[in-house]
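Colleague: build me a model from this:
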Amino acid sequence: MYTIAILAAGTSKRLGQPKQLLPWKEKILLQHTLDEAENLGVPVLLILGAFYKEIEDAIVVGPQTRVLFNENWPEGMASSVRMAVEQVSAETEYLLFCVCDQPFLNTAILQQLIQQQQLTQQPIVGAMYKNGATGVPMLLHRSFFSELLTLSGDVGAKKIAAQHPDKMATFDFPLGHLDVDTLDDYAQLTHP
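Modeller: From the prediction side, this is the model:
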């Protein structure tokens with residue numbers, strides 16, 4: 001079984017406002033990501049931290065989604081990754097990590113990720129961006145959960161994947177490198 005973890009606990013420091021709440025395609029950015037994830041029909045863990053109340057009030061979650069508050073969010077992404085691992089059900093075989101600021105993420109991309117895992121039988125599958133980098137969305141088999149629990153600071157599953165290149169497959173997500181870290185990033189996305 002697959003469980004999706006949406007990591008959305010950060011402060012958006014470089015942006016100067018919560019990126020989760022930025023308007024995107026008649027929704028807010030986090031709602032877009034959440035809706036696309038929920039379309040898969042698998043359990044979803046939405047991990048919030050900074051601006052928790054404001055964000056929780058702005059989103060609508062489906063019955064398969066659990067909203068979690070990460071009180072250790074100031075540490076960085078690793079604290080949310082650890083929380084996801086700690087909160088998955090015993091039936092979860094693969095944990096699929098997403099972030100809230102990839103506007104071109106959609107259900108088809110997530111399906112492609114799962115299909116690549118089923119096709120290759122690799123325990124780690126990550127996105128390959130147009131710029132040659134790899135990253136999220138990324139899934140890892142539960143055999144890596146203990147390693148994910150050792151992460152600290154502002155790093156995510158990509159660090160574990162980098163330590164096991166022979167166990168990783170990739171799939172093409174050309175626009176995956178486009179995310180929202182600054183107001184300039186957002187302006188380029190909304191007014192290309």
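Colleague: what about the protein, any weak spots by pLDDT?
Modeller: 192 (pLDDT under 70).
Colleague: do you know how far D181 is from E93?
Modeller: If you measure D181 against E93 using CB to CB, to the nearest Å, the figure is 32 Å. The way it works is simple: take the backbone N, C-alpha and C, and place the C-beta from them, glycine included.
Colleague: wait, isn't F145 in contact with V85?
Modeller: Yes - in this structure, F145 is within contact of V85 by CB atoms under 8 Å, at 4.9 Å.
Colleague: neighbour-wise, which of those two wins?
Modeller: Remark: of F145 and V85, V85 carries more neighbours, 22 against 17, as counted by other CB atoms under 10 Å.
Colleague: surely that one is in a helix?
Modeller: Yes - the assignment for V85 (DSSP: H, G, I helix; E, B strand; the rest coil) places it in a helix.
Colleague: distance of it relative to F173?
Modeller: 23 Å.
Colleague: and the strands in the chain?
Modeller: 2-8, 23-24, 27-28, 44-48, 65-69, 94-99, 124-128, 134-141, 168-172 (DSSP state E).
Colleague: in the longest helix belonging to the chain, which residues are buried?
Modeller: Counting residues, the longest helix found in the chain (DSSP state H) is helix 107-120. Buried residues in helix 107-120, counting neighbours by 16 or more other CB atoms under 10 Å, are found at I109, L110, Q112, L113, I114, Q116, Q117.
Colleague: can you check stretch 118-138 too?
Modeller: By 16+ other CB under 10 Å, the buried positions in stretch 118-138 come out as 122-129, 134-138.
Colleague: in CSV: the residues you listed, plus distance to P18.
Modeller: Compiled in CSV, the buried residues of stretch 118-138 are given as follows (distance: CB to CB, whole Å):
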residue, distance to P18
Q122, 35
P123, 34
I124, 30
V125, 29
G126, 26
A127, 24
M128, 29
Y129, 24
T134, 27
G135, 22
V136, 19
P137, 21
M138, 23
